[in-house]
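Colleague: Could you work out the structure for the sequence below:
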Amino acid sequence: MTLDDDVEAALAATCKELQMTRDEVIRVIIREWLEQYGFLPFHDLDEGSESDGNA
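Modeller: This next block holds a predicted model:
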């Protein structure tokens, strides 16, 4: 998929900063957008959380 030049530049900078591939960054962006707008359930805690399952 080819995006506008400014978006490609932002993706490249993000990939470099986060040390992720372009596909990984796009996957994270899409997932977060879908969660934010209610199309996917929101995950509050990641697996490394110290909450022992309690919010």
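
Colleague: C-alpha only now, for contacts and for neighbours.
Modeller: Fine.

Colleague: any chance you could map the helices in the protein?
Modeller: 5-18, 22-36 (DSSP state H).

Colleague: Columns mean neighbour count, distance to H43 and mean pLDDT on top of the ones you listed, output as a markdown table?
Modeller: Converted to a markdown table, the helices of the chain look like this (neighbours: other C-alpha atoms under 10 Å; distance: least, C-alpha to C-alpha, whole Å; pLDDT from 0 to 100):
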| stretch | mean neighbour count | distance to H43 | mean pLDDT |
| --- | --- | --- | --- |
| helix 5-18 | 12 | 20 | 98 |
| helix 22-36 | 13 | 8 | 96 |
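
Colleague: how much space between L40 and V25?
Modeller: For L40, the distance to V25 equals 18 Å [C-alpha to C-alpha, to the nearest Å].

Colleague: Quick check, central residue of this protein?
Modeller: V28 (2.2 Å; C-alpha atoms, centre = their mean).

Colleague: What are the neighbouring residues in contact with that residue?
Modeller: Shown in contact with V28 (C-alpha atoms under 8 Å, 6 or more residues apart in numbering): no residues.

Colleague: what's the burial count for the closest residue to Q36 other than its chain neighbours?
Modeller: Nearest non-adjacent residue to Q36, counting by C-alpha to C-alpha, 6 or more residues apart in numbering: F42, 7.3 Å away. By the criterion of other C-alpha atoms under 10 Å, F42 has 13 neighbours.

Colleague: wait, F42 sits on E35?
Modeller: Yes - using C-alpha atoms under 8 Å, F42 makes contact with E35 at a distance of 5.1 Å.

Colleague: Show me whatever sits in contact with both of these two.
Modeller: Common neighbours of F42 and E35 (C-alpha under 8 Å, 6+ apart) do not exist.
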